[in-house]
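**Student:** I would like the atomic coordinates for the input below:
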Amino acid sequence: MKFSMYALAATALAAGTSAFSPVASAPRFAVRQSALQMSTAVETDKKAALSTAANEARGLAMDSIAAAHSGHMGLPLGAAEIGAVLYGSQMSYNSKDPQWINRDRFILSAGHGSMFLYSWLHLAGFDLPLDEVKNFRQHHSMTPGHPEFPNSEHNTPGIECTTGPLGAGVANAVGFAASEKMAEAVYNTEDHKIFDHHVFALAGDGCFQEGVSAEAAAFAAHEKLDNLIVLYDANEVTLDKMAEYTQSEDILKRYEAYGWEVYDIDGHDLDSVEETIAAAKASDNGKPKFIKCNTIIGKGMEETEGTNAAHGEAGVPYVDKAKVNIGIPEGEKWYVSEGTRDFFGDVMAKNSAAYDEWQATYKAWSEANPELAKQLEDAVADNVMAPEDMIKEIPEMNVEGGEATRVSGYKVIQEISKLVPHYVSGSADLHGSTRNYIDNGGNYGAGFDKTYAGKNLYFGIREHAMGTIMNGFAYHGLFKISGSTFLVFVDYFRPTVRIASLAELGRVSWILTHDSIGVGEDGPTHQPVETVSGLRVIPNNDVYRPADVEETVAAFVPSVTRKDGPTSLIFSRQNLEQNNALSAAERREGALKGAYVAKKEEGDLDMIIIATGSEVQHALKAAESLPGARVVSMPCMSVYERQSDDYKESVLPSSCTKRIAMEAGVSGLWYKYASKVVGVDRFGFSAPGDIVMKELGMSADNLLSEIESMN
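**Tutor:** Next up, the predicted model:
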């Protein structure tokens, strides 16, 4: 067991002396990568400063968690030396310009340990005042329970990523690293290198037990993302039990098998942490880096350290004693010494000098490459034309007869790629079916016909990793990205849709095809009935299910122009009739508002038929024999709800209460707009799609029958 190996260190810590040296030579912590040659030890003064900063960061975490009576103390105490080395030595950043595009990125995958991050951001000089550190987990504070990417609720500088669901941060980091490689390929030139940063992620046992990190790790190794460094806080503890109760694998062998370069070190030995991270940064060998940092959870609090009790706030009663034991003056709360302030002042000066040097390089690059510089500026600012203008820039499609909206989507994505140079797309091994391949865009990655400048990503059959990597691209802040799979498989990455919506990621969208029981022969395992509604109920997720090619244009456009949240594009496998009775402009402008009158009543308004996607064609057909019927196409409920009251009244006048809605999916949400719903509140069956549709009531004849029953 680890505890006996650390007994000497724990005793030294309790006595207020250095606890780093006794375990440095333990064989277990030898670096496994034989090619690593350790440099000279960290300079004595710097090491002392880092050691002091680590203990003061522990103190900040203890005081904030004690004040909140809530939080997770284990990681901030156990990984303090890692934080000291990252923020005090090895990471390249400018705390006064937290959006610097070539900064190193740090992702706390184990987001429950958020006080680790807040403590180090404060010490490193980011605009996170001590009062906000004290206000941990309180309403409207800058220090929420889990780190949140800057959004309308929180704006904490230095937070690169919303984390909390374990494992997701590791996969997000893969997205960051992939995006950085793309930036290098697109923007660096032979004369000027403006992108060369690293991506760091700190993760715990739970992160590596969750499958999403495994999917992403395989992708990262396959695409040779050697700018990625994952630090494993290996404290042998999970929440319920010691980790050995639920895991027995050799994680280093696992990551070696993926193709990562692995290291095994004492996570409390400042020399080892410093030298290993430096070596990992310097190793451009095509392998992502995995550093197993063996640590004691809750280090410094002898009553709980090394046990699962240290994970949460169980150590709160012992805070005052623990702080004294690690050298913090008795009675002081949220204590930061002048020495630590001075040390980080020097760090800021060093980082500022590197930043200024980069700015000079950037200036020379932009002068030599004005068009590329304009493209980058637009990408960083996410400058795209207004949706009302973009729909006019896309040529009319002039489709006669039937066409599947996935085919329509293929046509539209080519136009989107021309209008938005920083737009890329990918698929979970389904490009041939989902039809979102960008022609002449090239393929992304390493080997074969791939380059890092390619616009088409091949994620493999890894939907959860795809969604989370896409979020990483969006957080990185340089590219817009869409990813595709069959709609029914969105449940593999639904957690990433939720986080993208919560984090207000406007740079990400999903292309989800084969949208209903119309899938047919593949049967109910592949026929989504509940899935569209399941996406609609996620707040801030715009779900577009267009009815024809021109509505597909109007759905695609906001997926790349929206700034405050993601978009789900729901496309059909089967052909749909076109509503050519209305002009392309009328359909595009109407769909852009979420709902519009697709067919106006002839004479007095008697009733309203509301439909979406593949069911609009049935509503239009049924209305041919109903002169007083208005047909409303509603491709996106949430966008419609954001329109003015006057517009909504013009589409669905409150005076007309006889309303029926139709969709090839569960009926529940439609009762907000209609008193009767023709839906599919059961699973489908295996048969040709047109037969499944007819048998389950998705036809104009059945719609007419249901309308007659309302009289």
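**Student:** when you work out contacts or count neighbours from here on, use the C-alpha atoms and nothing else.
**Tutor:** Will do.
**Student:** who are the packing partners of the top helix by length along the chain?
**Tutor:** Assignment by DSSP state H gives helix 338-368 as the longest helix of the chain. Here helix 338-368 touches helix 44-68, helix 114-123, helix 370-381, going by 3 or more Cα pairs under 8 Å, 6 or more residues apart in numbering; DSSP states H and E.
**Student:** next, format the ones you listed as CSV and append mean neighbour count and mean pLDDT.
**Tutor:** Listed next are the helices and strands packed on helix 338-368 as CSV, based on neighbours: other Cα atoms under 10 Å; pLDDT from 0 to 100:
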stretch, mean neighbour count, mean pLDDT
helix 44-68, 22, 96
helix 114-123, 26, 98
helix 370-381, 15, 98
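**Student:** relative to I481, which of the ones you listed is closest?
**Tutor:** Closest approach to I481 among the helices and strands packed on helix 338-368 is made by helix 370-381 (11.9 Å; Cα to Cα).
**Student:** and the next helix-or-strand element following that closest one, which residues are buried?
**Tutor:** Next helix or strand after helix 370-381 toward the C-terminus (DSSP states H and E): helix 387-393. By 16 or more other Cα atoms under 10 Å, the buried positions in helix 387-393 come out as P387, M390, I391.
**Student:** CA atoms of helix 387-393 as CSV?
**Tutor:** Output in CSV follows, covering the C-alpha atoms of helix 387-393 (Å, rounded to 0.1, in the frame of the first residue of the first chain):
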residue,chain,number,x,y,z
PRO,A,387,-27.9,35.0,-40.9
GLU,A,388,-30.2,37.2,-42.9
ASP,A,389,-27.4,38.0,-45.3
MET,A,390,-25.9,34.5,-45.4
ILE,A,391,-29.1,32.9,-46.6
LYS,A,392,-29.0,35.3,-49.6
GLU,A,393,-25.4,34.4,-50.4
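**Student:** starting at the chain centroid, how far to that helix?
**Tutor:** Distance of helix 387-393 from its chain centroid, counting by Cα atoms, centre = their mean, to the nearest Å, is 28 Å.
**Student:** for the closest residue to V347 other than its chain neighbours, which three-state class applies?
**Tutor:** Spatial nearest neighbour of V347, excluding adjacent residues (Cα to Cα, 6 or more residues apart in numbering): G88 at 6.4 Å. Assigned with DSSP: H, G, I helix; E, B strand; the rest coil, G88 falls in the helix class.
**Student:** and for E400, the neighbour number?
**Tutor:** By the measure other Cα atoms under 10 Å, the count of residues near E400 is 10.
**Student:** which non-adjacent residue is nearest it?
**Tutor:** That would be Q578: by Cα to Cα, 6+ apart, it lies 6.9 Å from E400.
**Student:** that neighbour touches A404, doesn't it?
**Tutor:** No: contact criterion Cα atoms under 8 Å: Q578 and A404 do not qualify, at 10.0 Å.
**Student:** any common contacting residues for those two?
**Tutor:** D548 (Cα atoms under 8 Å, 6 or more residues apart in numbering).
**Student:** residues contacting stretch 378-391, please?
**Tutor:** 420, 422, 477-479, 553-554, 557-558, 560-561, 588-589.
**Student:** which PyMOL command selects the buried ones in these?
**Tutor:** In PyMOL syntax, the buried subset of the contacts of stretch 378-391 is picked out as below (16+ other Cα under 10 Å):
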select buried, resi 420+422+477+478+479+553+554+557+558+560+561+588+589
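**Student:** contacts only, for the spatially most central residue of the chain.
**Tutor:** Against the mean C-alpha coordinate of the chain, by Cα atoms, centre = their mean, the closest residue is N471 at 2.6 Å. Taking Cα under 8 Å, 6+ apart, we find N471 in contact with N172, G175, T496, A500, L505, V508.
**Student:** how about a cut-off of 10 Å?
**Tutor:** 161-162, 168-169, 171-176, 465, 480-482, 496-497, 499-500, 503, 505, 507-509, 566 (Cα atoms under 10 Å, 6 or more residues apart in numbering).
**Student:** filter these down to the ones in helices?
**Tutor:** Per DSSP H, the contacts of N471 map to helices at 168-169, 171-176, 465, 496-497, 499-500.
**Student:** of these, which is the most crowded?
**Tutor:** A173 (36 neighbours).
**Student:** quote the end-to-end distance of stretch 160-171.
**Tutor:** 13 Å (Cα to Cα, to the nearest Å).
**Student:** starting at the chain centroid, how far to that stretch?
**Tutor:** That offset, for stretch 160-171, works out to 8 Å (Cα atoms, centre = their mean).
**Student:** and stretch 566-576, average pLDDT?
**Tutor:** Summarised as a single mean, pLDDT over stretch 566-576 is 98.
**Student:** and that stretch, how far out from the chain's middle?
**Tutor:** Worked out by Cα atoms, centre = their mean, stretch 566-576 lies 22 Å from the chain centre.
**Student:** can you offset everything so residue one is 560?
**Tutor:** Got it, first residue is 560 now, which makes that one stretch 1125-1135.
**Student:** measure it end to end?
**Tutor:** 26 Å.
**Student:** next one: stretch 1185-1201
**Tutor:** 30 Å.
**Student:** again with stretch 1147-1154
**Tutor:** End-to-end for stretch 1147-1154, by Cα to Cα: 10 Å.
**Student:** same check on stretch 645-660?
**Tutor:** End-to-end distance (Cα to Cα), stretch 645-660: 18 Å.
**Student:** for G845, grab phi and psi.
**Tutor:** phi 80, psi 10 (degrees, to the nearest 10).
**Student:** isn't it right up against K740?
**Tutor:** No: with contact defined as Cα atoms under 10 Å, G845 does not count as touching K740 (11.5 Å).
**Student:** so what sits against both of those two?
**Tutor:** In contact with both G845 and K740: E782, K783, L784, D785, N786, using Cα under 10 Å, 6+ apart.
**Student:** quick check: the two most widely separated of the residues you listed?
**Tutor:** The most distant members of these, if one measures by Cα to Cα, are E782 and N786, lying 11.2 Å apart.
**Student:** who's more crowded, the two?
**Tutor:** Higher neighbour count among E782 and N786: N786, with 28 against 23, using other Cα under 10 Å.
**Student:** if we ignore the residues flanking it in sequence, what's nearest the residue of the chain most remote from its centre?
**Tutor:** Taking Cα atoms, centre = their mean, the residue of the chain most remote from its mean C-alpha position is G1162, at 50.4 Å. Nearest in space to G1162, with sequence neighbours left out and distances taken as Cα to Cα, 6+ apart, is G1187 at 6.1 Å.
**Student:** what sits against that neighbour?
**Tutor:** K1159, E1160, E1161, G1162, D1163, L1164, D1165, M1166, I1167.
**Student:** what do you get for A638?
**Tutor:** 613, 617, 672, 675, 761, 790-794, 826-827, 852-858.
**Student:** before we move on, what about E640?
**Tutor:** 579, 609-614, 616-617, 647, 826-829, 832-833, 854.
**Student:** now it: which helix or strand?
**Tutor:** Using DSSP H and E, E640 falls in helix 639-644.
**Student:** moving C-terminal of that helix, what's the next helix or strand?
**Tutor:** Following helix 639-644 in sequence, per DSSP H and E, is strand 664-667.
**Student:** contacts for that following strand, please.
**Tutor:** Contacts for strand 664-667 (Cα under 10 Å, 6+ apart): 645-646, 650-652, 673, 675-676, 705-706, 717-723, 725, 727-729, 731-732, 735-736, 756-763, 787-790, 1031, 1035.
**Student:** where do the helices sit along the stretch 1110-1259 of the chain?
**Tutor:** Counting by DSSP state H, counting those that start in this stretch, the stretch 1110-1259 of the chain has helices at residues 1143-1150, 1175-1182, 1196-1200, 1204-1210, 1248-1254, 1259-1267.
**Student:** what's the distance between L634 and D792?
**Tutor:** The value you get for L634 to D792, if Cα to Cα is used, is 8 Å.
**Student:** and for A1233?
**Tutor:** For A1233 relative to D792 (Cα to Cα), the value is 53 Å.
**Student:** higher neighbour count, those two?
**Tutor:** Neighbour count, other Cα under 10 Å: between A1233 and D792, D792 has more, with 24 against 17.
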